[in-house]
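**Q** Model the structure of this input:
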Amino acid sequence: MLGKKNHNNEQESAKIFVEEDSTCSSNETTPLIAQQKPPHHKRRELVGLLYMTLSALGFSSMSLFVKLSGTSFPSFEIVFARSSIQALFGLLCCALLKINPLGEKGVRKWLFFRGLAGTIGISLFFFSITQLPLADATVVFFLGPAFTAILAAIVLGEAFTLFDGICSVICLIGVILVSKPQFLFGQTDESNNTQATNDWIRLLAIFCALLGAFMSAVAYVIVRKVGRGVHFMVHVVSFGSISTVGSLIGMFAFQEPIMPRSGYEISMLLLVGISAFIGQCFLNQGLQMAPAGPGTLMRMNDVVFAFLFGIFILHEYPDAFSISGATIIVIMTSAMGIHKIYLSKR
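**A** Coordinates of the predicted model:
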């Protein structure tokens, strides 16, 4: 009897010791373990970064096909091809996912303004691609995040620090190096009227790329204002639909449409829309899976792919000014993005 009682006391003591040990483990050990990401979480982040890279490849491929199509078609017609394919694929995805492509009634006006801003931005960007080397147009359009930071501070009340202002000013130096205006860099041959005309067309294309980047920033700020309650496929459909109508009007009002004359020309127009849609899908998936900091750095792949496509496919060899300007813009815009992430974590 006494032995049985002692045995019960030993069991109770052991139970109390285990409970105290588990409590200590919960209070001290668990936070340390939580800071170490499990293997499946790391794999998810790596897959997200891969998706971001594939997104950059998709959008850069779209720019390449725009450049190749620009020799046969006006810019608004290329925008029409891209937008109509995007709207069609978006509607199919909404049907499969059982999502209302129109969105909720309260956000439809914002979806319209987002689509209008995106239409203007992509039309200007496509025009700049047809007139500039692929890498130069991509680099100038890459200023979108800098414009976004400024607009978000004005419209959404987000912080815009001295560091952001310095980076934005330095970005302008990069734009000057890429555009190489005559009044700073001089003219190769002042007696050559063709060269002077080409220089003015280049400056116009640079301005269009800048304005396109600004309008893309307007579209992004509107998306931020709407919030995450709207599925990204709704944005894809609204932007594609509005851009289809807008580009159709612009195609007949400002340019002369050209019918495709061969299978090659048809395939180029189709590839513009398909590659853009693939890039958007990978981008949205990557943003959900990849860490914010490395995900921001993955945006630099857009410029890298543009330079590679320009050199090896289009045989466009950038000079030292373009390379220096591109490096400045990429570093400054990436620094602004990482700085924003750092402030939000603090």
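
**Q** need the longest helix for this protein.
**A** Ranked by number of residues, the top helix in the chain under DSSP state H is helix 193-226.

**Q** now for that helix, which elements pack on it?
**A** In terms of contacts (3 or more Cβ pairs under 8 Å, 6 or more residues apart in numbering; DSSP states H and E), helix 193-226 is packed against helix 108-131, helix 134-141, helix 144-155, helix 162-179. Any C-beta I mention is one placed from the backbone N, CA and C, and that applies to glycine too.

**Q** Quick one: those as a markdown table, columns for distance to Gln280 and mean neighbour count too.
**A** Shown next, in a markdown table, are the helices and strands packed on helix 193-226 (distance: least, Cβ to Cβ, whole Å; neighbours: other Cβ atoms under 10 Å):
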| stretch | distance to Gln280 | mean neighbour count |
| --- | --- | --- |
| helix 108-131 | 11 | 22 |
| helix 134-141 | 16 | 27 |
| helix 144-155 | 15 | 20 |
| helix 162-179 | 25 | 18 |
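
**Q** How much space separates the closest residue to Ala276 other than its chain neighbours from Ile274?
**A** Distance criterion Cβ to Cβ, 6 or more residues apart in numbering; nearest residue to Ala276, sequence neighbours excluded, is Met62 at 4.4 Å. According to Cβ to Cβ, to the nearest Å, Met62 and Ile274 sit 9 Å apart.

**Q** Contacts only, for the nearest residue to Val218 once chain neighbours are set aside.
**A** Spatial nearest neighbour of Val218, excluding adjacent residues (Cβ to Cβ, 6+ apart): Ala117 at 4.2 Å. Residues near Ala117 by Cβ atoms under 8 Å, 6 or more residues apart in numbering: Met215, Ser216, Val218, Ala219, Ile222.

**Q** cool, and Ala135?
**A** Going by Cβ under 8 Å, 6+ apart, the list of residues near Ala135 reads Val303, Ala306, Phe307, Gly310, Glu316, Pro318, Ser322, Ala326.

**Q** Can you tell me which of those residues has the most neighbours?
**A** In terms of neighbours by other Cβ atoms under 10 Å, these top out with Ala306 at 30 neighbours.

**Q** Could you point out the helix or strand that follows the helix or strand bottoming out on mean pLDDT in the chain?
**A** Ranked by mean pLDDT, DSSP states H and E, the weakest helix or strand in the chain is helix 30-35, scoring a mean of 38. Downstream of helix 30-35, the first helix or strand assigned by DSSP states H and E is helix 39-69.

**Q** got the buried residues for that following helix?
**A** For helix 39-69, a neighbour-count test (16 or more other Cβ atoms under 10 Å) marks 48-69 as buried.

**Q** Does the residue nearest to Ala276 touch Ser275 like I think?
**A** Yes: counting by Cβ atoms under 8 Å, Met62 does reach Ser275; the two are 4.2 Å apart.

**Q** Can you tell me the closest non-neighbouring residue to Val140?
**A** Using Cβ to Cβ, 6+ apart, the closest residue to Val140 is Ala209 (3.9 Å).

**Q** What of Gly103?
**A** Spatial nearest neighbour of Gly103, excluding adjacent residues (Cβ to Cβ, 6+ apart): Val234 at 4.5 Å.

**Q** which residues touch the one you found?
**A** Cys94, Ile99, Asn100, Pro101, Leu102, Gly103, Leu111.

**Q** Distance of the nearest residue to the second one once chain neighbours are set aside relative to Ser241?
**A** When you say that, I think you mean Ile99. Distance criterion Cβ to Cβ, 6+ apart; nearest residue to Ile99, sequence neighbours excluded, is His231 at 5.3 Å. Per Cβ to Cβ, His231 is found 15 Å from Ser241.

**Q** Between the two, which is the more surrounded one?
**A** Comparing His231 with Ser241 by other Cβ under 10 Å, the one with more neighbours is Ser241, at 23 against 17.

**Q** and that one, which of the three is it?
**A** Following DSSP: H, G, I helix; E, B strand; the rest coil, the label given to Ser241 is helix.

**Q** helix or strand for the closest residue to Ile266 other than its chain neighbours, which one?
**A** Excluding the flanking residues, the one nearest Ile266 by Cβ to Cβ, 6+ apart is Pro260, at 4.6 Å. Under DSSP H and E, no helix or strand contains Pro260.

**Q** Need the pLDDT of Pro260.
**A** Here, the pLDDT recorded for Pro260 equals 93.

**Q** pretty sure Val272 contacts Val66?
**A** Yes: contact criterion Cβ under 8 Å: Val272 and Val66 qualify, at 5.7 Å.
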